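# What follows is a predicted protein model with its sequence.
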Amino acid sequence: MFLIFSVVAIGLTNSSYSFGESEKQPQICASIVQNQLERDLVLALTFTSSTASPEDFNTQTQTLTFSEQNLMACANVTIEDDDFFENDESFTVRLNGNGNGPIVQFNDISEATVFIIDNDGNI
Ligand SMILES: [Ca+2]
Ligand SMILES: [Ca+2]
């Protein structure tokens, strides 16, 4: 017999983020905006290059774990503080379900653009 879990709505906290190149521990967070969790829920946050290249930030997929007590979960983002003069660059992050746990609906912010603000001077 299958257990029926409630539908949970989840979204990123912003549709865009801006982080300075030398920002120490930038975070991207997602929160449950509707309904409760009956058991832990693990989602993935994936990173895709846009104008920023993989040398500019950590592209490794991160996991976000939500529980009844933690309705918000955050991923740490690592940005490479290089010494190059660059335009501001961007990449995208996307929330992905893993097929387990509650039925997850992403609200309109399932994807966000992250801007890396250069700190070496503008071209
Ligand atoms: Ca720099
Ligand atoms: Ca730079």
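Ah, there it is. Numbers count the residues shown, from 1 in each chain. Ligands and ions are numbered 1, 2, ... in the order given.
# how far out from the middle of the chain is the helix or strand of the chain with the lowest mean pLDDT?
Ranked by mean pLDDT, DSSP states H and E, the weakest helix or strand in the chain is strand 103-106, scoring a mean of 81. When distances are taken as Cα atoms, centre = their mean, to the nearest Å, strand 103-106 is centred 16 Å away from the chain's centroid.
# same deal with stretch 104-117?
Its chain's C-alpha centre and that of stretch 104-117 lie 7 Å apart, by Cα atoms, centre = their mean.
# same deal with stretch 64-71?
Mean C-alpha position of stretch 64-71 versus that of the full chain (Cα atoms, centre = their mean) differs by 15 Å.
# got the buried residues for that stretch?
Buried residues in stretch 64-71, counted by 16 or more other Cβ atoms under 10 Å: Leu64, Phe66, Leu71. C-betas here are computed from N, CA, C, even on glycine.
# Narrow those residues to those in strands?
Leu64, Phe66 (DSSP state E).
# of the buried residues of stretch 64-71, closest to ligand 1?
Using Cβ to the ion, Leu64 is the member of the buried residues of stretch 64-71 that sits closest to ligand 1, with 27.8 Å.
# list the contacts for the spatially closest residue to that closest one that is not a sequence neighbour?
Distances taken as Cβ to Cβ, 6 or more residues apart in numbering place Ala73 nearest to Leu64, at 3.9 Å, with adjacent residues excluded. Contacts for Ala73 (Cβ atoms under 8 Å, 6 or more residues apart in numbering) come out as Cys29, Ala30, Ser31, Leu43, Leu64, Thr65, Phe66.
# Can you pull the phi and psi angles for Ala73?
Main-chain dihedrals, Ala73, degrees, to the nearest 10: phi -130, psi 150.
# what residues does the chain put near ligand 1?
Applying Cβ under 5 Å from the ion, we find that the chain lies next to ligand 1 at Glu21, Asp81, Asn119, Asp120.
# quick one on the thing from earlier: which of the contacts of Ala73 lies closest to ligand 2?
For the contacts of Ala73, the nearest to ligand 2 is Cys29 (25.1 Å; Cβ to the ion).
# bridging residues for that closest one?
Beta-bridge partners for Cys29, by DSSP bridges, are Cys74.
# contacting residues around it?
Residues counted as contacts of Cys29 (Cβ under 8 Å, 6+ apart) are Leu12, Thr13, Met72, Ala73, Cys74, Ala75.
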